[in-house]
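[1] One predicted model, sequence on top.
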Amino acid sequence: MKALGKSFAMKGLGPVKQILGMHIVQDQTKRVLWLSPQKYVMTILERFNMSDANPVGSIFPTNCSFNVKSCERGVTEKAEMRKVPYASAIDSLIHAMVCTRPSIAFVVGVVSQYMSNPGREC
């Protein structure tokens with residue numbers, strides 16, 4: 001920081017605590033640093049009115065079938081889905097996936113295929 005301070009006007013704010021919505025956890029005795037998505041995920045759930053959603057053990061729902069037939073939407077359902085910020089929700093999931101949760105990559109890939117024509121199948 002001292003080297004950068006010679007070239008730029010700066011002030012120290014202490015150790016970093018958050019980056020791109022992810023909480024940074026540091027254990028200086030073990031010299032370990034990791035990102036915690038808990039606060040970011042809770043913010044996403046609140047933003048999309050899902051803070052009361054129940055957690056599941058499996059990432060991919062077993063009771064849903066994603067196929068071409070799933071894309072057949074009626075006029076009423078299409079009108080309803082225009083009000084749902086589906087693409088924004090997928091974008092938030094992609095951010096969580098890239099930063100800390102690569103385990104959701106498959107599911108995010110599947111549901112992102114329906115961004116142009118989302119429905120209420122599941």
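    On my side now, so go ahead.
[2] Bridged to Asp27, which residues?
    Here Asp27 shows beta-bridge partners Val32, assigned using DSSP bridges.
[3] Kindly export the helix-or-strand element of the chain with minimal mean pLDDT (C-alpha atoms) in CSV.
    Using mean pLDDT, DSSP states H and E, the weakest-scoring helix or strand in the chain turns out to be helix 75-81, at a mean of 77. Backbone C-alpha positions of helix 75-81 (Å, rounded to 0.1, in the frame of the first residue of the first chain) are rendered in CSV as follows:
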residue,chain,number,x,y,z
VAL,A,75,-50.9,-16.7,-23.6
THR,A,76,-51.8,-16.3,-19.9
GLU,A,77,-48.6,-18.0,-18.7
LYS,A,78,-46.4,-15.9,-21.1
ALA,A,79,-48.1,-12.7,-19.8
GLU,A,80,-47.5,-13.8,-16.1
MET,A,81,-43.9,-14.7,-16.8
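[4] Just give me how far it sits from the chain centre.
    With CA atoms, centre = their mean, to the nearest Å as the basis, helix 75-81 stands 25 Å off its chain's centre.
[5] Can you pull up the most central residue in this protein?
    Leu93 (2.6 Å; CA atoms, centre = their mean).
[6] how close does that one sit to Ala79?
    Using CB to CB, to the nearest Å, one obtains 24 Å as the distance from Leu93 to Ala79. (Each C-beta comes from the backbone N, C-alpha and C, glycine too.)
[7] and stretch 12-19, average pLDDT?
    Averaging pLDDT along stretch 12-19 gives 85.
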